[in-house]
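Undergrad: How does the following fold in three dimensions:
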Amino acid sequence: MSGTLAIAGLGPGSEAMITPQVRAALDAATDVLGYIPYVARVAPRPGLVLHPSDNRVERERAADALDLAAQGRRVVLVSSGDPGVFAMAAAVFEVLESGPQAWDDVAIEVLPGITAMLAAAARAGAPLGHDFCAINLSDNLKPWDMIARRLRLAAEADFAMALYNPRSRARPDGLARALELLRTCCGPQRPTLFARAVSTPQEDLRIVSLAQAVPEMADMRTVVIVGSSQTRIVARAAGPLLYTPRSAGGVLA
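TA: Numbering: from 1, shown residues only. A predicted model of the protein is given here:
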């Protein structure tokens, strides 16, 4: 009999941010697959086989998960954050679309998780309180020209922007190019949040202007949120709060 495949989001890092639905799927699983640091977040136990794999093998990992489920296993494929946001859910459906008939009877469920941008926004205040978009700055799967065009159009539409995968050792220059483009399109005073490792002991939040933003403030554990023209900083003794008013014209009377 065919088994099941749950594509699950582990949230931004804290065990407290794993949803009860995902926790139940992990407790019932026979196999857990995912990128090495994400599988390391799942405690080993009798009857559970862990299958960690390296980065950039998403399609192979998805096919392995479907093969195991087709053999009758209860499989959980884990991502950080939410599996449908720049993560493994799309990879599964990419390989499923042209996969073997053995996968047809596998029951597949996508279990949502708390995304990095939502966790970061909550810690900083409410910078995504009005219209916003999410843009992946990695040019591994799309050309830089497409990223630049989307950044310009998002700035023209005056969205707040959540920027994923801002900077890595293999891509040290992309964030610098993005920040320079946004300074030109949005102006130097636009509030910008650098949120690293939110909900973990390594959490670090910085609220700066675009003029003050430098690439070294980010790595692959960082999400960057650039505010809209309406986003503002509330100065408080307990620390600043960043928020975007709900109305396009600013604060409601």
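
Undergrad: From what I see, residue 156 and residue 182 are in contact.
TA: No. Residue 156 is beyond contact range of residue 182, at 11.4 Å (criterion: CB atoms under 8 Å). Just so you know, the C-beta spots here come from the backbone N, C-alpha and C atoms, and that holds for glycine as well.

Undergrad: Would you map the strands across the stretch 101-250 of the chain?
TA: All strands of the stretch 101-250 of the chain, identified by DSSP state E, counting those that start in this stretch, fall at 107-111, 125-126, 132-136, 160-164, 191-196, 204-209, 222-226, 232-234, 241-243.

Undergrad: Do you know the pLDDT at the residue nearest to residue 205 when sequence neighbours are not counted?
TA: Nearest-residue entry for residue 205: residue 195, 5.2 Å, with adjacent residues in sequence omitted and distances by CB to CB, 6 or more residues apart in numbering. pLDDT for residue 195: 98.

Undergrad: for residue 135, same thing?
TA: pLDDT at residue 135 comes out at 98.

Undergrad: number of nearby residues for the nearest residue to residue 224 once chain neighbours are set aside?
TA: Nearest in space to residue 224, with sequence neighbours left out and distances taken as CB to CB, 6+ apart, is residue 163 at 4.2 Å. Using other CB atoms under 10 Å, residue 163 has 28 other residues around it.

Undergrad: Enumerate every residue touching residue 163.
TA: 134, 135, 136, 137, 175, 178, 223, 224, 225, 226 (CB atoms under 8 Å, 6 or more residues apart in numbering).

Undergrad: Dig out what the last one forms beta bridges with.
TA: What that stands for is residue 226. Residue 226 has the following beta-bridge partners by DSSP bridges: residue 161, residue 192.

Undergrad: How far off centre is stretch 105-112?
TA: 20 Å (CA atoms, centre = their mean, to the nearest Å).
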